[in-house]
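> here you go, sequence then predicted model.
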Amino acid sequence: MTKQVSTYARRQGEGNRYLLPFILITSLFFMWGFARSILDVLNKHFQESMEISVLHSTMIQATTYVAYALMALPAGIFITRYGYRRGVVFGLLLFGFGALAFIPGDAIGSFGIFLAALFVIGCGLAVLETAANPYAAKLGAPEKAASRLNFAQSFNGLGCILGPVLVGGFLFSDENSSVAVPYAAMGCVVLLVALLFSRVQLPEIGDSDNDSDNVTSHNTSLGKTISSLWSSPRFRYGVIALFCYEIAEIAINSLFINYVTSDGWMDKMTATWVLSFGALGLFLLARITGSAIMNYVRAEKVLLICAVMTVVGALLVTLNIGTLSRAGLFICYAFEAIMFPTIFAITISGCGSSTKIASSFLMMTPLGGAVGTFLMGWVAAQTDMSTSFIVPTIAYCAVLLYAMRQVKR
């Protein structure tokens, strides 16, 4: 009895100790959700303000998510060596300076400078996500890790909702609106948050409960760690499935406004509001609901059902059959919501002392967004926006195959 009371008191003390760090880390989920969602508005804005094609505008996503692929592994190495807090500060500095680079880009009117700024922002976001996902999961009792991570990710969804409506409302309200204004404001806020994180002492959490294990893992060569990870089918297939999910999710978000305005269904302003409060609002509610359902139903089964529904939804859009196709678009948002955290959790479970490096590989997968957006833009240029949804349809099929494999395990 005394031992149980002691354990309870220790966990209560840890909960109080981790409360402020968890609040601070959760704010980062909001920030990168906000930053990534703005890209969907930039596509349409640059098509009109710089008179570029849909295909050309997909370089926005390509540049940002190529940065993820290039920076994620260095981020994992950096965090392994210097810790989560310094990783967060480094990521915020890159994010902030990249956002401020929009000021000279707007003054010169150079799409190339905008792309360079987005590349730096993408590098910063890659570092932030590689650090924050495992850190949020470890701030407290291990049995509550999934609950904490899902809660933190809900703020990512909130950022995704507010980003398009705030920035889109500003850019689309006046054709002379400067894109540098929202990015300069965001850059200043991000740098202030970086200063805050540099001053606050955050507890450094190890990758296992045994400190000696962490020392051993630090001395293990990077090559052996990577080889060990990729020798696991669970890890390999998880990375592939997450890559395919990002192809579909990011591509649909990126060209949402183009799709709903292509046949006069909505105007730009209406499309921005529907993207924020309709599609992404539905996404957020579905993620919360899915997390609750997983308390009673095996996560792999929930993933399987959702994968089937996303294939159906994307196929309906591709067939271009009026109201059903429009409904299919929102079916995708509702049933893809749980995919990222579920696949991430399944893949990273059991990685132990390789968690940081495993996280870095998983955070390379947003490169799929660059691939998917480019392919959708190319197909749309050759045919139409509805037909371009064949790209996310195929990607969702890959996730479905992964889910079927996991259910059989």
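Yes, it's here. Keep in mind it's a predicted model, so treat the numbers as computed, not measured.
> just the pLDDT at Ser232, thanks.
Listed pLDDT for Ser232 reads 87.
> quick check: closest non-adjacent residue to Leu222.
Spatial nearest neighbour of Leu222, chain neighbours left out: Ile77 (6.8 Å); criterion: Cβ to Cβ, 6 or more residues apart in numbering. All C-beta spots, glycine's among them, are computed from the backbone N, C-alpha and C.
> and the gap between that neighbour and Arg298?
Counting by Cβ to Cβ, to the nearest Å, the gap from Ile77 to Arg298 is 35 Å.
> quick one: pLDDT of Asp209?
Note on Asp209: pLDDT of 41.
> where in the chain is pLDDT low?
For the chain, the stretches with pLDDT under 70 are 1-17, 137, 140-147, 150, 175, 204-220.
> how about the strands in it?
For the chain, strands defined by DSSP state E do not occur.
> residues contacting the closest residue to Arg148 other than its chain neighbours?
Spatial nearest neighbour of Arg148, chain neighbours left out: Ala136 (5.7 Å); criterion: Cβ to Cβ, 6+ apart. Contact analysis of Ala136 by Cβ atoms under 8 Å, 6 or more residues apart in numbering lists 22, 25-26, 29, 148-149, 152.
> the stretch 101-250 of the chain: helices as residue ranges?
102-108, 111-138, 145-173, 180-199, 211-219, 222-230, 233-254 (DSSP state H, counting those that start in this stretch).
> and the angle for the second one with helix 180-199?
Right, the one you point to is helix 111-138. Counting by axes from the mean of the first three to the mean of the last three Cα atoms, to 10 degrees, helix 111-138 points 40 degrees away from the direction of helix 180-199.
> distance between helix 111-138 and the chain's centre?
Its chain's average C-alpha position is 10 Å from that of helix 111-138, according to Cα atoms, centre = their mean, to the nearest Å.
> in that helix, what counts as buried?
Neighbour-count burial for helix 111-138 flags 111, 113-138 (criterion: 16 or more other Cβ atoms under 10 Å).
> would you agree Phe361 is in contact with Leu229?
Yes. Under the criterion of Cβ atoms under 8 Å, Phe361 makes contact with Leu229 at 6.9 Å.
> re earlier: what is the burial count for the residue nearest to Leu222?
Neighbourhood size, Ile77 [other Cβ atoms under 10 Å]: 15.
> same thing with Asp267?
12.
> OK, contacts around the closest residue to it other than its chain neighbours?
Distances taken as Cβ to Cβ, 6+ apart put Thr261 closest to Asp267, at 6.6 Å, once the chain neighbours are dropped. Shown in contact with Thr261 (Cβ under 8 Å, 6+ apart): 44, 267-268, 271.
> most neighbours out of those, which is it?
Ranked by neighbour count (other Cβ under 10 Å), the contacts of Thr261 have Ala271 at the top, with 25 neighbours.
> let me see the contact set for the nearest residue to Leu20 once chain neighbours are set aside.
Among residues not flanking Leu20 along the chain, Val200 sits closest, at 7.5 Å (Cβ to Cβ, 6+ apart). Val200 sits next to 20-21, 24 when contact means Cβ under 8 Å, 6+ apart.
> try 10 Å
Val200 makes contact with 20-21, 24, 85, according to Cβ atoms under 10 Å, 6 or more residues apart in numbering.
> the closest residue to Thr310 other than its chain neighbours: what's it in contact with?
Nearest residue to Thr310, sequence neighbours excluded (Cβ to Cβ, 6+ apart): Tyr396, at 4.3 Å. Contacts for Tyr396 (Cβ under 10 Å, 6+ apart) come out as 244-245, 247-249, 306-315, 332, 335-336, 339.
> contacting residues around Asn176?
Ser49.
> rewinding a little: more neighbours: which of Phe361 and Leu229?
Neighbours were counted for Phe361 and for Leu229 using other Cβ under 10 Å; Phe361 has more, 23 against 18.
> right, and that one touches Ile77 too?
No. Look at Phe361 against Ile77 with Cβ atoms under 10 Å: they stay out of range, at 11.8 Å.
> which residues do those two both contact?
Thr130.
> picking that back up, mark which of the contacts of Ala136 are buried, thanks.
Of those, these count as buried by 16+ other Cβ under 10 Å: 22, 25-26, 29, 148-149, 152.
> quick check: neighbours shared by Phe361 and Leu229?
By Cβ under 10 Å, 6+ apart, Phe361 and Leu229 have these common neighbours: 235-236, 239, 347, 354.
> name the nearest of those relative to Leu280.
Thr347 (24.5 Å; Cβ to Cβ).
> what's the closest non-adjacent residue to that closest one?
Nearest one to Thr347, counting by Cβ to Cβ, 6+ apart, is Gly238 at 2.8 Å.
> and that neighbour, what does it touch?
When contacts are counted by Cβ under 10 Å, 6+ apart, Gly238 touches 232, 343-349, 358, 361-362, 365, 402, 406.
> once you drop chain neighbours, what's closest to Lys44?
Ile257 (4.7 Å).
> any idea how far the one you found lies from Ala126?
Distance, Ile257 to Ala126, using Cβ to Cβ: 25 Å.
> residues near Ile293, how many?
Applying other Cβ under 10 Å, we find 14 residues neighbouring Ile293.
> whoops, I mixed them up, Ile288
By the criterion of other Cβ under 10 Å, Ile288 has 17 neighbours.
> what about the nearest residue to Val193 once chain neighbours are set aside, distance to Leu375?
Excluding the flanking residues, the one nearest Val193 by Cβ to Cβ, 6+ apart is Leu92, at 5.8 Å. Going from Leu92 to Leu375 by Cβ to Cβ gives 32 Å.
> these two: which is more packed in?
Each of Leu92 and Leu375 has its neighbours counted (other Cβ under 10 Å); Leu92 has more, 25 against 19.
> which residues does the more buried one contact?
Counting by Cβ under 10 Å, 6+ apart, Leu92 touches 28, 31, 124-125, 127-128, 190-198.
> alright, that wraps it up for me.
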